[in-house]
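Engineer: Need coordinates for the below:
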Amino acid sequence: MTDAATVRMSRSHWLVRLRRHPSALLLLAQLACVPLYALLEHARSARTLLGVFGVAILLLALRMIRTTSARVWPAVCLAIAVVVLNVLYLGIGRAGVLPWLAAVESLFYFHAAWRMVAYMLADRRATTDELFAAGAAFTLLVWAFAYAMLLCQALQPTAYAGAGAAGVLRGWNELLFLSFALLSSTGIGDVVPMTGMAKAVADLEMIAGVMYLALVVSRLIGLAVAQERR
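Structural biologist: Presented below is the predicted three-dimensional model:
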C-alpha cells in the first residue's frame, strides 16, 4: 500500500469517527474558536468573521440537538433569530440590537447545553460520544454565560472592570475568559463584575459549574468505571 493510499485511509477513518461522534466535532469547533477570537479581536474584519464563526457553531449545535432530541424547532427558531440579529448588528450596524442579540444567543446556548445534558443523563451507559458531550456541554455553558455577561454590559456599561482605562467596555475575549474562569471555579482574573446584576450572573455561573461537575461529570465517570469493572 502506497503512502498516499495510507493517508487517504487515515483521513477517511477520522471523518467516519467525527460523523459518528458529533459531540466531538462540536467540542473541537468550540475550542478552535477560542484562539481565533484572540487573534481576530483587533482586526478590521473581526466583527464579521466572529459573526460567521458564531453562525457555524450554531449550525453544529443544531446538528447535535437534532441527534439527541426529537424537538428541534425551539433551537431552530432561536438560531434563525440569532442570524437575523447578527445581520442587523454586523451588516447594518444597529448598535441598539446588541442587547437583543446577546439575550437570544445566551438562550440558544443554554438550550443547547440543556439538551446535551439531557442526552448524557438519558441512559445508564457511558458511550464515547457522551464523554465528548461532557466537554461540549461545558463549552456551551461557557458561551451562554459569556453572552449573559455581554447583555449585562450592554445594559450597564460599567458592569465589568479590568485592566486598562476605567470605564472601557470589556471585549468578547475578556468576557469569555471570565466565563471560563467562573464555570471552572479557577478564579476571576483581571476582569471583575462590578454591578449587582453582573455579580448575580457570576454567582449563578459558579453554582452551575459546581453542580455540573457534581451531577453530570461524576455520573459519567461512575458509569465508565462500572462498565470497566463489568
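
Engineer: State the mean pLDDT of the helix ranked longest in the chain.
Structural biologist: In the chain, assigned by DSSP state H, the helix with the most residues is helix 128-155. Taken as a whole, helix 128-155 has a mean pLDDT of 90.

Engineer: Kindly report the same for stretch 168-175.
Structural biologist: 85.

Engineer: Which is the succeeding secondary structure element to the longest helix of the chain?
Structural biologist: Per DSSP states H and E, the first helix or strand lying C-terminal to helix 128-155 is strand 160-162.

Engineer: Now the residue nearest the centre of the chain: closest residue in space, sequence neighbours ignored.
Structural biologist: The centroid of the chain falls nearest to Leu140 when counting by Cα atoms, centre = their mean (2.8 Å). Leaving aside its chain neighbours, Leu140 sits nearest to Ala113 (3.9 Å; criterion: Cβ to Cβ, 6 or more residues apart in numbering). For every residue, glycine as well, the C-beta is placed using N, CA and C.

Engineer: Quick check: buried residues in the longest helix of the chain?
Structural biologist: For helix 128-155, the buried set under the neighbour-count rule, 16 or more other Cβ atoms under 10 Å, comprises 129-154.

Engineer: could you pull out the helices for the protein?
Structural biologist: Under DSSP H, the chain gives helices at 3-20, 22-40, 46-68, 73-86, 98-120, 128-155, 172-183, 196-211, 218-229.

Engineer: can I get these in CSV with distance to Gly162?
Structural biologist: Putting the helices of the chain into CSV (distance: least, Cβ to Cβ, whole Å) gives the following:
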stretch, distance to Gly162
helix 3-20, 37
helix 22-40, 15
helix 46-68, 19
helix 73-86, 26
helix 98-120, 18
helix 128-155, 11
helix 172-183, 6
helix 196-211, 12
helix 218-229, 33
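
Engineer: which stretch in those helices has the least confidence?
Structural biologist: Among the helices of the chain, helix 3-20 carries the lowest mean pLDDT, a mean of 51.

Engineer: quick one on the thing from earlier: so the residue nearest to the centre of the chain versus Val87, what's the distance?
Structural biologist: Distance, Leu140 to Val87, by Cβ to Cβ, to the nearest Å: 23 Å.

Engineer: One more: Leu183?
Structural biologist: Taken as Cβ to Cβ, the span from Leu183 to Val87 is 30 Å.
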